[in-house]
Structure formats: structure tokens, C-alpha cells
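# Next input, structure requested:
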Amino acid sequence: MEDIVPALYKRIKADYTSRVKKNSTVQSLLDKAEKGSGTQDEISLYARALGDCAAKALEDGLKADNLPDGKIYWFIADRTIKPLFKLVYDQVNAMAFIIQKNDDKKNGISIKPIKADFPAERIESIENKIVYVSMNGDGADGTR
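Numbering: from 1, shown residues only. I've put the predicted structure just below:
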């Protein structure tokens with residue numbers, strides 16, 4: 001049996017990347033951060049916008065038509081959802097690092113910003129919920 005996950009994740013990631021590039025909020029916030037005028041509050045807006053792009057890419061990519069038996073099995077969830085969330089996490093942390101570094105520079109602080117830990121347990125909890133809904137419904141969307 002062919003492993004469908006690499007191609008599936010590649011499509012999901014490409015869809016996510018396309019959505020991010022087209023998202024005016026994401027692009028505007030990135031531009032502000034790179035120019036040194038981003039704020040701490042905008043990190044949350046950025047995270048939210050990236051999360052929306054990721055959710056839509058996952059929703060489209062994990063449709064029943066793209067899945068064996070129309071179900072999201074654990075091995076599929078763990079190899080598509082977690083890497084995409086890790087990508088979003090890395091992008092949010094990169095922006096937070098830039099903004100924090102700029103804020104520190106303006107205030108004469110020379111401490112290297114600390115990167116937050118990846119919330120692996122939280123992501124696995126989300127994966128478990130998605131798999132459970134998929135397995136107990138008629139399709140990937142959990143409907144009966």
C-alpha cells in the first residue's frame with residue numbers, strides 16, 4: 001500500500017503557503033515587523049491570521065475524498081497536522097523574536113529573546129479530537 005501522507009502534506013503545506021502569501025493581514029504585519037514598527041499586540045493578530053490559513057488548508061486537504069476510507073487516521077493526523085502547526089509556531093516565534101529584539105533595542109536592553117516551547121501535548125490533544133470525530137462519523141468532517 002502506498003503511503004499517501006507525504007503527497008497529502010505537500011498539498012496542504014502548499015495551500016497554506018499560498019493562503020499566507022495572499023493574506024493582506026499577514027503581509028501587512030510582516031512588513032511592519034521587518035520595518036521595526038510591529039507591536040507585541042500584533043503578534044497575536046499575526047498568529048490568528050496564520051492559524052486561520054492553516055485551518056483552511058487542513059480543512060481542504062483532509063477531506064474524505066483525499067483519505068483512505070474517508071477517515072483521518074492517527075498516522076495521517078500526526079504527519080499532517082503537527083508539522084503544519086510546527087510551521088505556524090516557527091513563523092509566529094520568528095515574528096515575536098523580531099519584534100521583541102526591536103523593542104529591546106529601543107529600550108537599551110541587550111538580552112536575547114527566548115523562544116517559547118512547542119506545545120506538543122496540546123497539538124496531540126487536537127489531533128486526538130480530530131481523529132476521534134473522523135472515526136466516529138461517516139467522513140473526515142465527522143458528520144453522520
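# which SS class is the residue of the chain positioned farthest from its centre?
Relative to the mean C-alpha coordinate of the chain, counting by CA atoms, centre = their mean, the farthest residue is Gly108 (33.1 Å). What DSSP: H, G, I helix; E, B strand; the rest coil gives for Gly108 is coil.
# try Glu2
coil.
# which residues touch the residue farthest from the centre of the chain?
Residues near Gly108 by CB atoms under 8 Å, 6 or more residues apart in numbering: none. Where you see a C-beta, it was placed from the backbone N, CA and C, and this is true even at glycine.
# From Ser37, how far out is the nearest residue in space to Val5 that is not next to it in sequence?
Take Val5 and drop its neighbours on the chain: the residue closest to it by CB to CB, 6 or more residues apart in numbering is Arg79, 4.6 Å away. Noted for Arg79: a distance of 38 Å to Ser37, by CB to CB, to the nearest Å.
# swap in Val92?
For Val92, the distance to Ser37 - CB to CB - is 18 Å.
# go on, Ser18?
Applying CB to CB to Ser18 and Ser37 gives a distance of 27 Å.
# What of Leu84?
Leu84 is 29 Å from Ser37, by CB to CB.
# cool, Met95 as well?
Distance from Met95 to Ser37, by CB to CB: 13 Å.
# Looking at those two, which one has more neighbours?
Met95 (22 against 11; other CB atoms under 10 Å).
# Do you know the pLDDT at Ile114?
pLDDT for Ile114: 83.
# where does it land in three-state SS?
Per three-state DSSP, Ile114 ends up coil.
# what's the burial count for it?
Count around Ile114 with other CB under 10 Å applied: 10.
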